[in-house]
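*Asks:* sequence and predicted structure below; questions after.
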Amino acid sequence: MNFLQISPFKHLLTHSRFLLTLRSEQGKYHNLILFRLSEALGSREAGSASSNFVAPQKSTGLLENRQIYAMNATCPHLGADMSHAEIEEFEDTTVAVCPWHRYDFDLRTGKSETGLSTCTYAVEVKTDPADDVEKVYLETPSGGSNWRLIELRPVSEEFADPPPAASHTPVQINPVVPGSDSTEPVVPIENSPKTLMHWAVLILNTANPTLKVMRTRHAVQLFRTGKLDSIGHRSSSAPRPPEIPPREEGFLKNTVNPGKVKGRKNLAVMLHALANVEQWAIDLAWDIMARFGPLHPDLPPAFFSDFTKMALDESKHFSLLTSRLSATSPATPYGSMPVHASLWESATITSHSLRSRLAIIHLVHEARGLDVNPGTIERFRRAGDKASVSAMEIIHADEVTHVTSGHRWFTWLCEKQGNVDPVETFRDEVRRGWRGNVKGPFNIEDREKAGLTPEFYEHLTGEMDEGEMEERKGGFKLDAGLRELKLEGPEVNVEYEAKV
Ligand code: FES
């Protein structure tokens, strides 16, 4: 049995559930869920010979009588995300109950009363002689070698243990964008969405950014807790996403050619521009599900788990950034400055192919974010804006996982489509769907964490010419007829006061 060190034990005391992503040297991904039980729920099994928990080697007070279990993150029945499974004591065992159809799986053996079973993995807590720190070790999956930990992520604040004090929160999350309050309900009264595809299209059609964030949170919660009828991507009546997600008129007025917003140095302008990118990123996460789900009925639930997580992350990023903007520059709320829609231009260019979409949006645009974020963080740091530094650090860590998802599903697709080579196929997609050089300097370390080794992106140039680009954009003009209006307007006077 091979084991992988995953974390100091005390780092797992913040939450009771963690999602782990592992990758083998062969490029296979594996997602696990780690349940840490409190004393109340499982002290009976502590020390049991059949438990997959190994007690800490020396007494450390708080650490006693805690148990850790690991199992596959997706249910073997129809693939539900087990991160919101209920933990129940059942006769002489403790089980995780799947949120979709309530099959229960023994945390130690993985067996269910239904006859199905899931894989569980041994977990050990041992003192590392190198530094005398208690560390958690996990049995690695079979069918691959040199597994490494790509991500260890707490499953949301619902499972925080103990709940964080307000002072631990680095930045306040405030989804309310001034001037964008909406009287529309989060769940529409008529034709309320029943499937994930219904929610995806509703959110794409929601112009109000605050409502978009609220609906994203609500839909992801419903999906994770099994409260939707289905994903709905295999239904012949799955709704179609809009070609361009609508934006409110004030926002459209400010949409300009990307060249007009380049080179601005002001920090408030940076926050505004970053928030704009995050708003498009929320739409991109929903669009990849709604546009390509029905075209690829073989996409498993894990695909939707990854992209709903991405939608939720992007909505959190948008809230973080608009909150920072409101706090530091009240005179320039979100929507008051020029923005661009380049991301949606790339979405339009890649709307014909999931492979192209994953390559261009998630492995070129998002990977570029990994290159430039450290510089942005440094600028906020130099300005003494610690809260924006914290926000950007959260965003950057999440973005590494988004590029990981892009890489995971791109390689999955390559395997499905005749086992083609992911590196060559990616380079080919970029040559056909990108214009100009894939720019460095590259953040090699974080790209590599996400699965993007240099052979993917080094010395790579997109060969799409301007005529072809315009054709594939199909007349995309978010700001049609409104550009002049903005350019004739008064200059925005931006004040920025860093709060330290
Ligand atoms: S019981 Fe888990 S997906 Fe059905």
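*Replies:* Received, thanks. Here the structure is a predicted model, which is why all the values come from computation and not from measurement. Numbering: from 1, shown residues only.
*Asks:* what does stretch 345-358 rub up against?
*Replies:* 243-244, 283-284, 287-288, 291-292, 295-296, 359-361, 365, 406, 409-410, 413-414, 417, 425, 429, 432-433, 464, 469, 472-474, 476 (C-beta atoms under 8 Å, 6 or more residues apart in numbering). Every residue, glycine included, has its C-beta placed from N, CA and C.
*Asks:* avg pLDDT for that stretch?
*Replies:* Average pLDDT, stretch 345-358: 95.
*Asks:* tell me how far the closest residue to residue 444 other than its chain neighbours lies from the ligand.
*Replies:* Using C-beta to C-beta, 6 or more residues apart in numbering and skipping the chain neighbours, the partner closest in space to residue 444 is residue 454 (6.5 Å). For residue 454, the distance to the ligand equals 39 Å [C-beta to the nearest ligand atom, to the nearest Å].
*Asks:* ok, residue 454 - contacts?
*Replies:* Contacts for residue 454 were tallied using C-beta under 8 Å, 6+ apart; they are 442, 444, 447.
*Asks:* which of those lies closest to the ligand?
*Replies:* Closest to the ligand out of the contacts of residue 454 is residue 447 (34.0 Å), distances taken as C-beta to the nearest ligand atom.
*Asks:* just the contacts of residue 454: which are in helices?
*Replies:* 444, 447 (DSSP state H).
*Asks:* can I get the contacts of residue 454 in CSV with distance to residue 315?
*Replies:* CSV is the format used below for the contacts of residue 454 (distance: C-beta to C-beta, whole Å):
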residue, distance to residue 315
442, 28
444, 29
447, 25
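*Asks:* and the contacts of residue 454 as a markdown table, adding distance to the ligand?
*Replies:* Compiled in a markdown table, the contacts of residue 454 are given as follows (distance: C-beta to the nearest ligand atom, whole Å):
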| residue | distance to the ligand |
| --- | --- |
| 442 | 40 |
| 444 | 39 |
| 447 | 34 |
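*Asks:* follow-up on the earlier one: filter the contacts of stretch 345-358 down to the buried ones and hand me the PyMOL line.
*Replies:* Only the buried entries of the contacts of stretch 345-358 go into this PyMOL selection, using 16 or more other C-beta atoms under 10 Å:
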select buried, resi 283+284+287+288+291+292+359+360+361+365+406+409+410+413+414+425+429+432+433+464+469+472+473+476
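*Asks:* what's in contact with the lengthiest strand in the chain?
*Replies:* Longest strand of the chain, by residue count under DSSP state E: strand 29-37. Residues from elsewhere that reach strand 29-37, judged by C-beta under 8 Å, 6+ apart: 12-13, 15-24, 66-74, 82-83, 85, 87, 94, 96, 107, 121, 123, 138, 141, 144, 147, 150, 155, 161, 302, 408.
*Asks:* same thing but 7 Å
*Replies:* 12, 16-23, 66-74, 82-83, 87, 94, 96, 107, 121, 141, 302, 408 (C-beta atoms under 7 Å, 6 or more residues apart in numbering).
*Asks:* again with stretch 218-231
*Replies:* 80-81, 83-84, 99-100, 186-187, 194-197, 199, 203, 301, 304, 308, 311-312.
*Asks:* hmm, that stretch in reach of the ligand?
*Replies:* No. On the criterion C-beta under 6 Å from any ligand atom, stretch 218-231 is out of touch with the ligand, staying 7.9 Å away.
*Asks:* pretty sure residue 334 sits against residue 275.
*Replies:* Yes. At 5.5 Å, residue 334 counts as touching residue 275 under the criterion of C-beta atoms under 7 Å.
*Asks:* could you name every residue contacting both of the two?
*Replies:* 322, 325.
*Asks:* can you give me the strands in the stretch 301-450 of the chain?
*Replies:* With strands called from DSSP state E, counting those that start in this stretch, the stretch 301-450 of the chain shows them at 435-437.
*Asks:* nearest to the ligand within it, name that residue for me.
*Replies:* Taking C-beta to the nearest ligand atom, the ligand has its nearest neighbour within the stretch 301-450 of the chain at residue 301, 7.6 Å off.
*Asks:* from the chain's centre, how far out does the longest strand of the chain sit?
*Replies:* Relative to its chain's centre, strand 29-37 lies at 17 Å (C-alpha atoms, centre = their mean, to the nearest Å).
*Asks:* I'd like to know how far the spatially closest residue to residue 147 that is not a sequence neighbour sits from residue 457.
*Replies:* Of all residues not flanking residue 147 in the chain, residue 140 sits nearest, at 4.2 Å (C-beta to C-beta, 6+ apart). Look at residue 140 and residue 457: by C-beta to C-beta, to the nearest Å, they are 29 Å apart.
*Asks:* please apply the same query to residue 96.
*Replies:* 39 Å.
*Asks:* who has more neighbours, these two?
*Replies:* residue 96 (26 against 23; other C-beta atoms under 10 Å).
*Asks:* shouldn't the more buried one be within a strand?
*Replies:* Yes. Counting by DSSP: H, G, I helix; E, B strand; the rest coil, residue 96 is found in a strand.
*Asks:* that one touches residue 84, doesn't it?
*Replies:* No. When contacts are counted by C-beta under 7 Å, residue 96 is not listed as touching residue 84 (10.0 Å).
*Asks:* residues in contact with the spatially most central residue of the chain?
*Replies:* Nearest to the mean C-alpha position of the chain, by C-alpha atoms, centre = their mean, lies residue 310 at 2.6 Å. By C-beta under 7 Å, 6+ apart, the residues touching residue 310 are 285, 402, 405.
*Asks:* now with 6 Å, please.
*Replies:* 285, 402 (C-beta atoms under 6 Å, 6 or more residues apart in numbering).
*Asks:* ok, residue 388 to residue 372 distance?
*Replies:* Remark: distance between residue 388 and residue 372 (C-beta to C-beta) = 15 Å.
*Asks:* who has more neighbours out of these two?
*Replies:* Ranked by neighbour count (other C-beta under 10 Å), residue 388 and residue 372 place residue 388 first, with 28 against 13.
*Asks:* what count of nearby residues applies to the nearest residue to that one once chain neighbours are set aside?
*Replies:* Of all residues not flanking residue 388 in the chain, residue 380 sits nearest, at 4.1 Å (C-beta to C-beta, 6+ apart). When neighbours are counted by other C-beta under 10 Å, residue 380 registers 22.
*Asks:* pLDDT score assigned to residue 380?
*Replies:* For residue 380, pLDDT reads 92.
*Asks:* for the remainder of this discussion, apply numbering that starts at 40.
*Replies:* In the new count, where the first residue is 40, that last one comes out as residue 419.
*Asks:* was I right about it contacting residue 426?
*Replies:* No. Using C-beta atoms under 6 Å, residue 419 makes no contact with residue 426, being 8.7 Å away.
*Asks:* which parts of the stretch 40-189 of the chain sit against the ligand?
*Replies:* 114, 116, 117, 118, 119, 137, 139, 140, 142.
*Asks:* including neighbour count, pLDDT and secondary structure, could the residues you listed go into TSV?
*Replies:* Output for those, formatted as TSV (neighbours: other C-beta atoms under 10 Å; pLDDT from 0 to 100; DSSP: H, G, I helix; E, B strand; the rest coil):
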residue	neighbour count	pLDDT	secondary structure
114	25	95	coil
116	16	94	coil
117	14	92	coil
118	18	92	coil
119	24	93	coil
137	27	94	coil
139	22	92	coil
140	12	91	coil
142	21	94	coil
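*Asks:* now for this protein, the helix or strand with the poorest mean pLDDT.
*Replies:* In the chain, no helix or strand scores lower on mean pLDDT, DSSP states H and E than helix 522-526, which sits at a mean of 34.
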